[in-house]
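Using only what follows, build the 3D model:
(chains A and B)
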There are 2 protein chains.
Amino acid sequence: MTMTPNIAAAKAALSHIQMDEKPATIRAKSRDFFWYSPILKARLDHLEADFVVNPASEAEVIEILRTCYAHDVPVTVRGAGTGNYGQAMPLAGGCLIHMARFNKVKEVHPGRVIAEPGCVIRDLDAFCKADSGQELRMMPSTAHQATIGGFVAGGSGGIGSVHWGALRDLGNIIRLRVVTMEEEPRVLEFRGEELHRVSHAYGTNGIITELEMPLAPAYDWVDMFVSFKDFRESMEYSEALANEAGILLKLVSLYEAPLAKEYFQRVKPHVEADDSLVGLMVAPHSMDGFETFTARWPGARIIYRSDNVTWDRHPGPVFEHGWNHTTLRALKFDKSLTYLQVRYSYPRHIELVEKVRAEFGAEVLQHLEVMKEGGKVMFAGLPIVRYTTDERLEEIVRLHEQMGCMIFNPHRYTLEEGGRQSTDRRQLEFKREADPKGLLNPGKMITWDEPDFDYSAIYAYKGMRPAPETAE
Amino acid sequence: MTMTPNIAAAKAALSHIQMDEKPATIRAKSRDFFWYSPILKARLDHLEADFVVNPASEAEVIEILRTCYAHDVPVTVRGAGTGNYGQAMPLAGGCLIHMARFNKVKEVHPGRVIAEPGCVIRDLDAFCKADSGQELRMMPSTAHQATIGGFVAGGSGGIGSVHWGALRDLGNIIRLRVVTMEEEPRVLEFRGEELHRVSHAYGTNGIITELEMPLAPAYDWVDMFVSFKDFRESMEYSEALANEAGILLKLVSLYEAPLAKEYFQRVKPHVEADDSLVGLMVAPHSMDGFETFTARWPGARIIYRSDNVTWDRHPGPVFEHGWNHTTLRALKFDKSLTYLQVRYSYPRHIELVEKVRAEFGAEVLQHLEVMKEGGKVMFAGLPIVRYTTDERLEEIVRLHEQMGCMIFNPHRYTLEEGGRQSTDRRQLEFKREADPKGLLNPGKMITWDEPDFDYSAIYAYKGMRPAPETAE
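Next comes the predicted model:
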């Protein structure tokens, strides 16, 4: 970027919209869960927006984008900042749009809801449940904080994906309303193939101002932990369970021993170090089928069920042990840990996990999430990695890839490196239309800045605001 | 059977329970859809019960069983008689229990319903929809006539199986209440593994008096027909569609050309002889995803959709073109047709269908239903077969089996021959307990009468009431 942003002018022009003034708040709202990664932590920790604005309507969002466009000010949008690829980190400073006040549920219908992007997912689900016994098909483990707009712009799936597949699969987003960053911002409605332009695009090419999402029935899901002494058996059990079409599941997570004993505070007293766990959410009317299925597995032992709690202390929701919460819990005990995101695709998923386990042992402990890809049950891996050096972490990634695993590298802050290491033409083409000055979340789409980047090492965005020379 | 039934005594003892007296009614209620099969028609057409009793409560069912036990009278139970394996045909005469009056919906809860066996499936779904926007996970194409008890005792799956799998899959039946036929009948409650004793047992080892079934949300499903010039493409399309986890489907049926042109009365004007059709039920909130998916298939053309009807005459529900209704429609045009039931299992399903098509050509036209088996999308085949002789029909069955297809032979009236040609030990053992005199639906469980039967030719039940010597 060769433009010089006029921060003061933009801020003055937007002074009638709610802003945060306290430095601590500005710093807090400029950060997401990037610190899961030691590599991102070293590079992004100093970053802060110049100002934070809290719109409560589409009209205010449009005004922010028009004003920042006029003054060449970069704009980064965020929900709750629960992403962990640095999606919402303002690399070039500028304006940070915080969506928390732009949060109404607008309409609920059978099978779908229309909501504003800042709506917290827990609140959205509570609203839909009270309205008509419905809830979102899927949610992140951070549902109690995360917003629906942030989930769609920065997430890929979650609790519910064992049944419904990934967020980007056809049918899992119905419609997105998007505002562009032009001299006069346009408001566009996307459906079908067009959704891919802006879903999981980190707000690099438009700002989502309304979402229409499919709903599923809201049941009083039964939370469970099932223990196994043999991790391979827990994989075979989990796959077979998810292939039982008549047993309705919302979550099947696997935690290799000794993850539960080491890092699940309230589970510890009930497991041994050699217990691998499967964390589950099962529909109450599927419990008979579930128990019948589980009884066929001699190695499976149901150690916890939320419909009949025998533990002194409630462990909290099982879903807050899965997906990104597994890493979060591990990090609370040991700051030297980090993680990866791995896809173990059908039909080689179990074999690939076993290869990885044989290669790394305790350096990479398996945490798997069962989900559907192309209709087939497979595993999304979010293994807990013992970090030593950047070089070893990069090597671990390379070794996974050499074994045939696909890595979505969470130690990178760009769309391409966190994805398939290639240009997403639909996202790029839409950015050309919708963000001609390249002001939206700058530095996150490599192909915009350096189309010939070769991915041989981590991308270093040249427009990134440098860290201060001296620390305090 | 060496016992001599005392029909008159049993009938007299039950005279306070509603009975049918008209010979035409007795004859009608003694028949099911066995006449789909020329082989069964030749063997079963003359059969009639000695009397028909219409209980309205479990207490009346118990009294019937106790009385018939005392008088050695065979008992065959039926719902609407929409089965087509002769399940409800009283081979040895005796008492026929017609369940139509025993039909209350007892309780509806989130995700489940408790109902009496004679409840018509359409009425059950309407009740659940009005109560709480729910409906059964699956239904037969005869839902407007068929009872829930008959479906569970004689059916295997249907509309909804593309999502939920087969009726016998874990979780698709929650609980069955069953009355035995002993000196003093017992009332038993079955769940889990025990369900297999009596589900799909044709009432040979107990009478179901209450069912607890899982429910799914009741949406205003959009009916559609999609045409293809190439049948193989329609198979690939259907499989890929059913593997889209985010697109909620209730029905995916395939009809090879020229089935639609020849036998679908109100569809005829809108198709050519070379059009193969896919019949669909799609959730309304999945229509965007569905249309996006379909647009990717150059050969696919949506020729009918119930949410935007452009045809002069409404074709009726698409589900009344699928499953057993396809054969029914063909038979209305051409009495020389019959059908088979074939399982094309994943991953060889498309290849196997192509082998069968190459072998038989127009003699066996493909009608496929997409469903899930072990979590994998595959095809249940109900092909339309041009009947010439019994010998050729048997040969067609053998050739299918030689090619690696599994046949559930609908030209047989026994559990074993219509199933896996082997003893179901759980059903047999329960019959020993629950029906010590062997009076329940006699002749339907080969292993009860002839444990050493070798399946080399059609089983001929020795207790079958003979046809009258002279026709009228």
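
can you pull the contacts of the residue lying closest to A:Ile207 once chain neighbours are set aside?
Leaving aside its sequence neighbours, A:Ile207 sits nearest to A:Val179 (CB to CB, 6 or more residues apart in numbering or on different chains; 4.8 Å). Heads up, the C-betas are built off the backbone N, CA and C, glycines and all. A:Val179 sits next to A:Glu58, A:Val61, A:Ile62, A:Leu65, A:Pro185, A:Arg186, A:Val187, A:Leu188, A:Gly206, A:Ile207, A:Thr209 when contact means CB atoms under 8 Å, 6 or more residues apart in numbering or on different chains.

Just the buried residues of the residues you listed.
Neighbour-count burial (16 or more other CB atoms under 10 Å in any protein chain shown) applied to the contacts of A:Val179 gives A:Glu58, A:Val61, A:Ile62, A:Leu65, A:Pro185, A:Leu188, A:Gly206, A:Ile207, A:Thr209.

Take the residues you listed and keep only those in helices.
Secondary structure from DSSP state H places A:Glu58, A:Val61, A:Ile62, A:Leu65 of the buried ones among the contacts of A:Val179 in helices.

so A:Thr142 sits right up against A:Asn324, yeah?
Yes: with contact defined as CB atoms under 8 Å, A:Thr142 reaches A:Asn324; the gap is 6.6 Å.

hang on, the earlier thing: could you export the ones in helices among the buried ones among the contacts of A:Val179 as JSON lines, including pLDDT?
Listed next are those as JSON lines, based on pLDDT from 0 to 100:
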{"residue": "A:Glu58", "pLDDT": "98"}
{"residue": "A:Val61", "pLDDT": "98"}
{"residue": "A:Ile62", "pLDDT": "98"}
{"residue": "A:Leu65", "pLDDT": "98"}
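
so how many other residues sit close to the residue in the stretch 201-350 of chain A positioned nearest to chain B?
Using CB to the nearest CB, the closest approach of the stretch 201-350 of chain A to chain B is made by A:Asn243 at 2.7 Å. Residues near A:Asn243, counting by other CB atoms under 10 Å in any protein chain shown, number 18.

What residue, apart from its backbone neighbours, is nearest it spatially?
Nearest non-adjacent residue to A:Asn243, counting by CB to CB, 6+ apart: B:Gly375, 2.7 Å away.

and the one you found, what is it in contact with?
Here B:Gly375 is in contact with A:Ala242, A:Asn243, A:Glu244, A:Ala245, A:Val377, B:Gly165 (CB under 8 Å, 6+ apart).

give me that answer again for 7 Å
A:Ala242, A:Asn243, A:Glu244, A:Ala245, A:Val377 (CB atoms under 7 Å, 6 or more residues apart in numbering or on different chains).

try A:Leu211
Shown in contact with A:Leu211 (CB under 7 Å, 6+ apart): A:Ala115, A:Pro117, A:Ile148, A:Gly149, A:Val152, A:Leu176.

Please list the residues of the stretch 351-472 of chain A that sit near chain B.
Residues of the stretch 351-472 of chain A lying close to chain B by CB under 7 Å from any CB of the partner chain are A:Lys372, A:Gly374, A:Gly375, A:Val377.

Which members of those residues are positioned in strands?
Counted as lying in strands by DSSP state E, out of these, are A:Lys372, A:Val377.

Buried only: go through the residues of the stretch 351-472 of chain A next to chain B for me.
A:Lys372, A:Gly375, A:Val377.

can you pull out the strands in the stretch 101-250 of chain A?
Assigned by DSSP state E, counting those that start in this stretch, the stretch 101-250 of chain A shows strands spanning A:105-109, A:112-115, A:134-136, A:175-179, A:187-190, A:207-217, A:222-228, A:249-255.

Which one's more surrounded, A:Thr142 and A:Asn324?
A:Thr142 (28 against 23).

OK, contacts around that one?
Counting by CB under 7 Å, 6+ apart, A:Thr142 has contacts A:Thr82, A:Asn324.

and the ones in helices among the buried ones among the contacts of A:Val179, which two are the farthest apart?
Maximum pairwise distance among these (CB to CB): 10.4 Å, between A:Glu58 and A:Leu65.

any idea how far the residue positioned nearest the centre of chain A lies from A:Ile148?
Most central in chain A under CA atoms, centre = their mean is A:Gly155, positioned 3.6 Å from the mean C-alpha point. Plainly put, A:Gly155 is 10 Å away from A:Ile148 if you go by CB to CB, to the nearest Å.

and if you look at A:Val364?
A:Val364 is 33 Å from A:Ile148, by CB to CB.

Which residues of chain A lie near chain B?
So chain A meets chain B at A:110-112, A:133, A:164-165, A:169-172, A:174, A:191-193, A:214, A:217, A:219, A:242-247, A:283-286, A:288-289, A:291-293, A:372, A:374-375, A:377 (CB under 7 Å from any CB).

Quick check: A:Ile159 touching A:Glu135?
No: at 10.5 Å, A:Ile159 does not count as touching A:Glu135 under the criterion of CB atoms under 7 Å.

Which single one of the residues of the stretch 351-472 of chain A next to chain B is nearest to chain B?
Nearest to chain B among those, with distances taken as CB to the nearest CB, is A:Gly375, at 2.7 Å.

Just the pLDDT for the closest one.
Looking at A:Gly375, its pLDDT is 97.

how much space between it and A:Trp164?
Counting by CB to CB - A:Gly375 and A:Trp164 are separated by 11 Å.

Give the buried residues for stretch A:317-337.
Buried residues in stretch A:317-337, counted by 16+ other CB under 10 Å: A:317-331, A:337.

nope, stretch A:228-235 is what I was after
For stretch A:228-235, by 16+ other CB under 10 Å, it's A:Phe228, A:Phe231, A:Ser234, A:Met235.

check contacts around the closest residue to the third one other than its chain neighbours.
Taking CB to CB, 6+ apart as the measure, A:Ser234 lies nearest to A:Phe228, with 3.9 Å between them; neighbours along the chain are not counted. If a contact means CB under 7 Å, 6+ apart, then A:Phe228 has A:Ser234, A:Tyr237, A:Ser276, A:Gly299, A:Ala300 as its contacts.

What count of nearby residues applies to the closest residue to A:Ala467 other than its chain neighbours?
Distances taken as CB to CB, 6+ apart place A:His46 nearest to A:Ala467, at 4.0 Å, with adjacent residues excluded. Around A:His46 there are 14 other residues, counting by other CB under 10 Å.

Just give me the neighbour total for the nearest residue to A:Glu256 once chain neighbours are set aside.
Of all residues not flanking A:Glu256 in the chain, A:Gln366 sits nearest, at 4.0 Å (CB to CB, 6+ apart). The number of residues packed near A:Gln366 is 25, by other CB under 10 Å.

For A:Gln366, give its distance to A:His109.
40 Å.

so where is chain A shaky, pLDDT-wise?
Applying pLDDT under 70 to chain A picks out residues A:1-2, A:470-472.
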